[in-house]
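# Dropping the sequence and predicted coords here.
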There are 2 protein chains.
Amino acid sequence: MAVNIAILGFGTVGTGLPTLLSENKEKLAKILDEEIVISKVLMRDNKAIEKARSQGFNYDFVLNLDDILADSEISIVVELMGRIEPAKTYITQAIEAGKNVVTANKDLLAVHGVELRSLAQKHHVALYYEAAVAGGIPILRTLANSFSSDKITHLLGILNGTSNFMMTKMSEEGWTYDESLAKAQELGYAESDPTNDVDGIDASYKLAILSEFAFGMTLAPDEIAKSGLRSIQKTDVEIAQQFGYVLKLTGEINEVDSGIFAEVSPTFLPKSHPLASVNGVMNAVFIESEGIGDSMFYGAGAGQKPTATSVLADIVRIVKRVKDGTIGKSFNEYARSTSLANPHDIENKYYFSVETPDSTGQLLRLVELFTSENVSFEQVLQQKGNGKRAVVVIISHKINRVQLSAIQDKLNQEKDFKLLNRFKVLGD
Amino acid sequence: MAVNIAILGFGTVGTGLPTLLSENKEKLAKILDEEIVISKVLMRDNKAIEKARSQGFNYDFVLNLDDILADSEISIVVELMGRIEPAKTYITQAIEAGKNVVTANKDLLAVHGVELRSLAQKHHVALYYEAAVAGGIPILRTLANSFSSDKITHLLGILNGTSNFMMTKMSEEGWTYDESLAKAQELGYAESDPTNDVDGIDASYKLAILSEFAFGMTLAPDEIAKSGLRSIQKTDVEIAQQFGYVLKLTGEINEVDSGIFAEVSPTFLPKSHPLASVNGVMNAVFIESEGIGDSMFYGAGAGQKPTATSVLADIVRIVKRVKDGTIGKSFNEYARSTSLANPHDIENKYYFSVETPDSTGQLLRLVELFTSENVSFEQVLQQKGNGKRAVVVIISHKINRVQLSAIQDKLNQEKDFKLLNRFKVLGD
């Protein structure tokens, strides 16, 4: 017996599926009684079809989604086009036509997940997207299954391979932001407009999806605080190392009594933290839970084969469910109403890098400013000035988000101070 | 509706289940429509029952397994007694009575897994044992589900928390083997007879189970090479660090064209390897596969709550399957006939620590001995002798298992040489 699937979009990930299917033919035959067959592939235009044919791909290429929707032999539609449209329309139509859907589209799931999931529920079809978060790491299914008996209190992830590659170069090779970005673009990790990667937007999409699986709560894009890499200076990276930390872009969700707080931001990670040694384009998700305690899931965040492997695992799951007659169950069955944490309840240490006039009395002014908000210092480093301007670096004791805002406001009000950077510092 | 479960053995893990059930009541209610109720608990004797009652546990304690088997309301039996007997007999009877079984018993599964699994298949009941390997890490279900679309070529794990605790103390604090063992016993990590932990037996049980899930192959206990910690000296640990490695007890399975090779042994791990920073009682499994590439799963290897959480995840899975009408499917559906690698195909670098007479010409003899087996050196360190005996340390280039045996035989034939230690060295 054959299970016919259709692929929408035949780019990097899509062209990886045929290889995986043939490499794992024997194993898949052991697990399923049925063979997975790529029945139709939706292409953008005839030129794309010609190109695919010239590369040796001999599928039934079509230009119209209706050819796939009308094919009653096709039970699974795999969307690998990316971006919101036309992917959203196509997935909607596929679900309405009774097809099960697999997608790796994090943007779409983060922004329109609620709508698409409820549509899939209504039509009793599967909507799976393991590959949307941390590419090759099977984190979503693990959260849905293995953490069903556990309460997660804290999730900390390195969720964007491009920015982690850049931060690794900055930390280990002393490169600047610009040098790291140029290399990431040269290697094809970053696009010519790197906004999504370096401003934490891509990571925030993944964090939104993780929030649903780990905390059962849906977050709107603007409910996730975001800051990115653009302002990071060589000295920030050096000071992190000097103080025993590694600077990385993390996505974090904390649950406190009042609710959850989610943030993507550059973070000082203690060198001994398991995430501190996650380098290059690798991703990892570190979880603290009441049952299991600390756990971490590490792997490739992107790339043709890792992503295609996660997509294929979703397809296999659907084939099994169809055979078992249990199709249509939600990918993630844990859902609560969202409650956002009171900003008084979210506490962290912070690193502040402040440019001041290079004259006596400036440190005193800074100390007074912080003290007026009841913020004390764990470490202070006054760097040698150039006669005009100097930089003072502070690591605070733990403060809450309200204190943090107040400090930032006061620093901004002082015309001759300039807050160069403010990063979260992990640890007690 | 309630799902009634029975617990066999009410020790550390068993007494953790009630807490977990109440802590996760709300979440479990969202995921399941049914409440999990501990209906009966099998105890050793009346004294044990009295003790449990005095600790505030108010269950229907029974002394006879038949009371559980005859209770048609009980659908799941959770075996937490450990060891082979009477656990094996009890699980057999439970399966034959049509009960689904959850166990954390690695010894039993590693030695009698084939028999028990086929019995469970025959009676269309579940036999799940996520907690048997790496306690809190959901590695078995992840291998069964998320790697269904991937081909694993290499598995390397830190699978025994006690020995990893000891190795961490030896590496980081410079403790001796005896000091580390005494501390592990004081903290309750090691038993008074530490054989299972320090000789790699416990790790080999877990490796046998992992082999089934990751490679689809069943290994008999004597098909896994084993060496342990007892011979490790302070100098071995120091030299590892000096050469850029960390010495740890690992379990490893490699697949080559001729088959798989499994081994538990002290191993020099390059400091940059993700497993090198897995310290204390933590466990981790590092996987290389053709699809995902490198991935790692890290967490607590033992302990009441992590183990109970994995047990409860198995129970939840059974409840779902019963509801879906899909109970009786094998925990792991990937099975091939076992084929063991040709020893010529398994290549590693090795560390040799050889005691020689403290006189000129000994290094030449050693070099000649290794050269006669076509083995060349990557690093050599001759330590200062005491006038009578000296120690020479060698890291070889890659050699296969046949060369390794030949070298060891020749070293043993030289009466005035003594092979103090031989450890595997990871890396190219």
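Sure, I can see it.
# and residue A:269, bridged to which residues?
Here residue A:269 sits in beta bridges with residue A:246, going by DSSP bridges.
# give me every residue that touches residue A:375.
Taking Cβ atoms under 8 Å, 6 or more residues apart in numbering or on different chains as the criterion, residue A:375 is in contact with A:396-397, A:399, A:403, A:407. Placement of C-beta: from N, CA and C, glycine included.
# Report the buried residues of the lengthiest helix in chain A.
Taking DSSP state H as the criterion, chain A has its longest helix at helix A:304-324. Buried residues in helix A:304-324, counted by 16 or more other Cβ atoms under 10 Å in any protein chain shown: A:304-322.
# Report the inter-axis angle for it versus helix B:304-324.
50 degrees (axes from the mean of the first three to the mean of the last three Cα atoms, to 10 degrees).
# next structured bit after helix A:304-324?
Tracing the chain past helix A:304-324, the next element assigned as helix or strand by DSSP states H and E is strand A:347-357.
# and that next one, what does it pack onto?
helix A:234-242, helix A:362-372, strand A:389-396, strand A:399-400, helix A:401-413, strand A:418-425 (3 or more Cβ pairs under 8 Å, 6 or more residues apart in numbering or on different chains; DSSP states H and E).
# which outside residues touch stretch A:417-428?
For stretch A:417-428, using Cβ under 8 Å, 6+ apart, the contacting residues are A:156, A:231-233, A:236, A:245, A:247, A:250, A:252, A:263, A:265-270, A:273, A:348-356, A:365-366, A:391, A:395-396, A:398, A:404, A:408, A:411-412.
# quick one on the thing from earlier: may I see the ChimeraX selection of the buried members of the contacts of residue A:375?
Burial among the contacts of residue A:375 is assessed by 16+ other Cβ under 10 Å; the matching ChimeraX selection reads:
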select /A:396,399,403,407
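# Check the offset of stretch A:203-213 from the chain's centre.
Taking Cα atoms, centre = their mean, to the nearest Å, one finds stretch A:203-213 lying 7 Å from the centre of the chain it belongs to.
# hmm, that stretch in reach of chain B?
No - using Cβ under 8 Å from any Cβ of the partner chain, stretch A:203-213 never reaches chain B; the gap is at least 12.0 Å.
# which residues touch that stretch?
A:106-107, A:109-111, A:113, A:129, A:132-134, A:139-140, A:143-144, A:155, A:157, A:159-160, A:163, A:217-219, A:221, A:224, A:226, A:249, A:251-253, A:260, A:262, A:264, A:285, A:332, A:334-335.
# For PyMOL, write the selection for the buried entries among these.
Restricted to buried positions by 16+ other Cβ under 10 Å, the PyMOL selection for the contacts of stretch A:203-213 reads:
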select buried, chain A and resi 106+107+109+110+111+113+129+132+133+134+139+140+143+144+155+157+159+160+163+217+218+219+224+226+249+251+252+253+260+262+264+285+332+334+335
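# Which residues of the stretch 201-350 of chain A lie near chain B?
Residues of the stretch 201-350 of chain A lying near chain B (Cβ under 8 Å from any Cβ): A:216, A:272, A:274, A:277, A:282, A:289-300, A:303, A:305-306, A:308-310, A:312-313, A:315-317, A:324-326, A:333-336.
# could you redo the last one with a cut-off of 6 Å?
A:277, A:291-293, A:295-300, A:305-306, A:309, A:312-313, A:316, A:324, A:326, A:333-334 (Cβ under 6 Å from any Cβ of the partner chain).
# For residue A:400, which residues are in contact?
Shown here is residue A:400, whose contacts under the criterion Cβ atoms under 6 Å, 6 or more residues apart in numbering or on different chains are A:344, A:347.
# Tell me how far residue A:343 lies from chain B.
From residue A:343 over to chain B the distance is 25 Å, taken as Cβ to the nearest Cβ, to the nearest Å.
# What residues does that residue make contact with?
Contacts of residue A:343 were listed using Cβ under 6 Å, 6+ apart, and they are A:401-402.
# Would you agree residue A:309 is in contact with residue B:291?
Yes - applying Cβ atoms under 6 Å, one finds residue A:309 in contact with residue B:291, separated by 3.2 Å.
# any common contacting residues for the two?
residue B:150.
# looking at chain A, which residue lies furthest from center?
The C-alpha centroid of chain A is most remote from residue A:360, which lies 44.6 Å away (Cα atoms, centre = their mean).
# who in the stretch 51-200 of chain A is up against chain B?
Contact residues, the stretch 51-200 of chain A versus chain B (Cβ under 6 Å from any Cβ): A:136, A:138, A:141-142, A:145-146, A:148-151.
# Return the two entries of the contacts of residue A:375 that lie farthest from one another.
A:397 and A:407 (12.2 Å; Cβ to Cβ).
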